[in-house]
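Participant: Let's see this in three dimensions:
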Amino acid sequence: MKTALRIIWLSVIGLFFAGCAIFDPAEKSSGGYFQDHYYSCGPIALQRAFSRLDLLSDEILISKEIQDRGNFCREILSCFNKEAASITWPKEIRYICKKYGFKIINVNNIKTLDHNKDVAIILIQKSGTLIYHWACFPINENIENFFYDKTKIVRIYLLKKT
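Facilitator: Just a heads-up that it's a prediction; the model follows:
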């Protein structure tokens, strides 16, 4: 009896802390793709970078290629918060860049990038939060102040054609 009560109690607590996403999960297309990921910052930053490097691509195609690899973390997190379906992880950015024929060079300082020659994918964070955003240099303006004075540049991936 005690075990049954514990299971019920833990289930109720789990649902309470899970939020409404358990009852309103992230929407998937008939093909099983998270639709919110199609137009999220990761695929959009990649599409912008590729177009800047004269490679035509589409953010929906890029998103599907990312999702085709599967991501357990995105699946699980989207059960608790449907906005998690939009997450693009750094390893996914690196995979797509490599797949499209680009070498990634890690750069430590955005000020070393040349607006006229360089194209980079940059991960920024709102300091003190779990809010992240992918941006494309030089297309996205004001990357260093995206979150105003709370902007922290986490990663800079300079793209070079292989």
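Participant: going forward, measure contacts between C-alpha atoms and count neighbours the same way
Facilitator: Fine.
Participant: Run me through the strand neighbours of the longest strand along the chain, direction for each.
Facilitator: The single longest strand within the chain, with elements called by DSSP state E, is strand 151-161. For strand 151-161, the paired strands and their directions (DSSP bridges) read strand 102-106 (antiparallel), strand 120-126 (antiparallel).
Participant: wait, isn't residue 74 in contact with residue 83?
Facilitator: No: if you go by CA atoms under 8 Å, residue 74 and residue 83 don't touch, sitting 9.7 Å apart.
Participant: Pick out whichever of those two has more residues nearby.
Facilitator: residue 74 (20 against 17; other CA atoms under 10 Å).
Participant: secondary structure element for that one?
Facilitator: In the assignment (DSSP states H and E), residue 74 maps to helix 72-80.
Participant: before we move on, the earlier item: could you list the buried residues of the longest strand of the chain?
Facilitator: Judged by neighbour count (16 or more other CA atoms under 10 Å), strand 151-161 contains these buried residues: 151-153, 155-159.
Participant: What of stretch 52-66?
Facilitator: 52-53, 58-60, 62-66.
Participant: Show me which of those is closest to residue 105.
Facilitator: residue 53 (15.4 Å; CA to CA).
Participant: Spatially, and excluding backbone neighbours, which residue is closest to the closest one.
Facilitator: Spatial nearest neighbour of residue 53, excluding adjacent residues (CA to CA, 6 or more residues apart in numbering): residue 119 at 7.5 Å.
Participant: just checking, the one you found touches residue 158?
Facilitator: Yes: between residue 119 and residue 158 there is a contact at 6.0 Å, judged by CA under 8 Å.
Participant: Isn't residue 85 up against residue 37?
Facilitator: Yes: counting by CA under 8 Å, residue 85 touches residue 37, with 6.0 Å between them.
Participant: what stretches of the protein score poorly on pLDDT?
Facilitator: For the chain, the stretches with pLDDT under 70 are 1-24.
Participant: all helices of it, in order?
Facilitator: 2-18, 35-38, 41-52, 59-68, 72-80, 90-99 (DSSP state H).
Participant: For these, please prepare CSV with the additional fields distance to residue 126.
Facilitator: Shown next, in CSV, are the helices of the chain (distance: least, CA to CA, whole Å):
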stretch, distance to residue 126
helix 2-18, 24
helix 35-38, 20
helix 41-52, 15
helix 59-68, 24
helix 72-80, 20
helix 90-99, 17
